[in-house]
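# Predicted coordinates and the sequence they were generated for:
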Amino acid sequence: MSSQALPNFTQEAQALFPEMIALRRDFHRYPEIGFQEHRTSRIIAQSLQELGLEVQTGVGQTGVVGLLTGANPGPVVLMRFDMDALPIQEGTRAEYASLNKGMMHACAHDGHMTMGLTLAKIMSKYRDQMAGTLKFIFQPAEEGLGGAFAMIADGVLENPTPDVAFAMHIWTPLELGTVQVTTGPAMAASSIFTLTIHGRGGHGAAPHEAVDPILAAGHIISALQSIVSRNVDPQESVVISLGQVQAGTTFNVIPEVVEIKGTVRSYSNEVHRMLYRRILEMARNLAAGFNCTVALETIAIVAAVVNSPEPTARVMEAAVQLVGAENVINKREMASEDMGYMLEEVPGCYFFIGGRNEAKGFNFPHHHPQFDFDERAMIHGVATMGTAVASYVLNGN
Ligand SMILES: [Zn+2]
Ligand SMILES: [Zn+2]
C-alpha cells in the first residue's frame, strides 16, 4: 500500500474545520436522547442526500444509513457514528450549551456525527476513484438503550453486507493529539443486575421476631468483592460495582426487602457467565444463613468490543503516520459500547481519539454536566478513520 496517493485527510479536515465546529455546536445546542433523535437524524439524512449518497432513514427507529458507492467494485466498509445525548442538565457555560432542558451531549456524540458527515463529504469527492462502497451508519440510542441491536434487527448489516467495520470515540481521559487503539478486546462486556433480598419485616426493637434483610445485605455486599479476588484468574480483568442499595422507610422498622443494583464488566463472555453464577451462589448461600431468600435479575447485556488484527493494523498505521508512534496508546477500557454487537458480526476496529485539554477546561469525564472536548480532536478523528478506510477503497487496495 503506497500512502502517497491517499487523500491528505488532515488537510481536508482542517479546510472544513469552521464548518465542522458550526455543525458540532448546532448538534450540541439541540441534544436528543436515545430513540428520540428526530431533528438530529433529519439533519443527517439531508446532509447525506445533498452529498449524493443513497440514504435510508428509520433504520432501528431513528437511525440513518448513507451509502457511497464507488465507480468500481470493491470491499464494503462500514463506519458507525452514534447520535444520542444523555438525560443530564448541562453545567458548562459554553455559548453553544444545550437549549433542551435536562438533555446534554455529554459523551461527544455530537462530535462523532460531525466527523461522520465530514468523512462523507470528503470521500464523496473521491467517488470516481473509489473501488468499493462506504456504508455510513448513524446509530440511535448508544447509551444503554440498545440502538445497535435495533439497527441490526432492521437489517443494517445486510444489503450490502460490510466486509469491515470501524467506529471511534472522542475520549477526554486522553490528551488531544493521541489515539488509543488495541488489538483484541478493547472495551468490556457489560451487564446490569438487580439483586433482591427478601426477609420478614418487623419492629426494630424486636429483631428476633423479624428476619432482617439489611443484615444479610451487608454481608452479601462485602462478600461479592471476593468473587473478583478469589474466583477470577488474576490475568483477567473484571469489575463488580454496586451503584444502588435501597431498603426501608424509617429508623425503627426492619424492612421486608433490600434491593441492590449493580454492574458487571469483563473482557470475555465466558468470564461474565461465571461471575453471575458466583454472584447468585454467594448471595443465595449467605442469605440462607440469615433465613433470607434472594432473586437475581440481569438486564441489558452488551458484548465485549473485540478488535480484529487486520483492520486494527490499518488504524494503527494511520495513527502512527498522523500523530506519531509516541502518541499512539495501546490500552483497553473497562467502559462498554454496543458496537460490540456489530463487531461480533463484522471484523473491525473501535478506537479512541484524545479530546482532553486541561488548559481550556476540557478535562471533565464523560457523562459529567461540565463535560466538553477540544474540537480539534475531530480533525484527528476524521484523519485517522479516513486514512484507514481509504486504504480499503482507494489506491487499488
Ligand atoms: Zn456515553
Ligand atoms: Zn459515548
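All right, it came through fine. Ligands and ions are numbered 1, 2, ... in the order given.
# where does the stretch 1-150 of the chain have low pLDDT?
1-5 (pLDDT under 70).
# Next: the stretch 201-350 of the chain.
300.
# mind checking how far the residue nearest the centre of the chain is from Ala189?
Closest residue to the average C-alpha location of the chain: Glu337 at 3.3 Å, with C-alpha atoms, centre = their mean. As judged by C-beta to C-beta, to the nearest Å, Glu337 and Ala189 stand 10 Å apart. The way it works is simple: take the backbone N, C-alpha and C, and place the C-beta from them, glycine included.
# So for the two, which residues contact both of them?
Val302 (C-beta atoms under 8 Å, 6 or more residues apart in numbering).
# Pop the domain breakdown of this protein in here.
3-187+305-393, 189-302 (automatic domain parsing).
# Please identify the most buried of those.
For the domains of the chain, the largest average neighbour count (mean count of other C-beta atoms under 10 Å) is found in domain 3-187+305-393, namely a mean of 20.
# and that one, how far from the chain's centre?
11 Å (C-alpha atoms, centre = their mean, to the nearest Å).
# hey, where'd the helices end up in the stretch 201-350 of the chain?
213-230, 269-289, 309-323, 339-345 (DSSP state H, counting those that start in this stretch).
# so which of those comes closest to Ala85?
Closest of the helices of the stretch 201-350 of the chain to Ala85 is helix 339-345, at 17.8 Å (criterion: C-beta to C-beta).
# helices and strands around that closest one, which ones?
Helix 339-345 is packed against strand 72-82, helix 147-153, strand 164-175, strand 305-307, strand 348-356, with contacts defined by 3 or more C-beta pairs under 8 Å, 6 or more residues apart in numbering; DSSP states H and E.
# contact partners of it?
Counting by C-beta under 8 Å, 6+ apart, 78, 80, 148-149, 152, 157, 165, 167, 187, 189, 302-308, 348, 350 sit against helix 339-345.
# could you dump the helices and strands packed on helix 339-345 to CSV with distance to Leu99?
As requested, these are exported to CSV (distance: least, C-beta to C-beta, whole Å):
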stretch, distance to Leu99
strand 72-82, 21
helix 147-153, 23
strand 164-175, 22
strand 305-307, 33
strand 348-356, 22
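# Between those, which one is closest to Val389.
In terms of C-beta to C-beta, the element of the helices and strands packed on helix 339-345 nearest to Val389 is strand 72-82, at 5.3 Å.
# That closest one: partners in the sheet, and parallel or antiparallel?
Strand 72-82 pairs in its sheet with strand 131-139 (parallel), strand 164-175 (parallel), by DSSP bridges.
# tell me the angle of that strand relative to helix 309-323?
Here strand 72-82 runs at an angle of 80 degrees relative to helix 309-323 (axes from the mean of the first three to the mean of the last three C-alpha atoms, to 10 degrees).
# Among the strands paired with strand 72-82, which comes closest to Asp233?
strand 164-175 (26.4 Å).
# Give the other helices and strands that the helix or strand containing Thr384 contacts.
Per DSSP states H and E, Thr384 falls inside helix 377-393. Helix 377-393 sits against helix 9-29, strand 72-82, helix 109-124, strand 131-139, strand 164-175, helix 309-323, strand 348-356, with contacts defined as 3+ C-beta pairs under 8 Å, 6+ apart.
# which stretch among the ones you listed comes nearest His272?
Among the helices and strands packed on helix 377-393, if distance is taken as C-beta to C-beta, the winner is strand 348-356, at 18.5 Å.
# same for that closest one, what does it pack against?
Going by 3+ C-beta pairs under 8 Å, 6+ apart, strand 348-356 lies up against strand 164-175, strand 179-180, strand 184-187, strand 305-307, helix 309-323, helix 339-345, helix 377-393.
# Could you name the helices and strands sitting against the fourth one?
It refers to strand 305-307. strand 184-187, helix 339-345, strand 348-356.
# what does it contact?
Taking C-beta under 8 Å, 6+ apart as the rule, strand 305-307 contacts 181-188, 336-337, 339-340, 343-344, 348-351.
# can we see that at 6 Å?
183, 185-187, 337, 339-340, 343, 349-350 (C-beta atoms under 6 Å, 6 or more residues apart in numbering).
# Determine which two of those are furthest apart.
The distance between the two most remote of these (C-beta to C-beta) is 16.5 Å, for Thr183 and Glu337.
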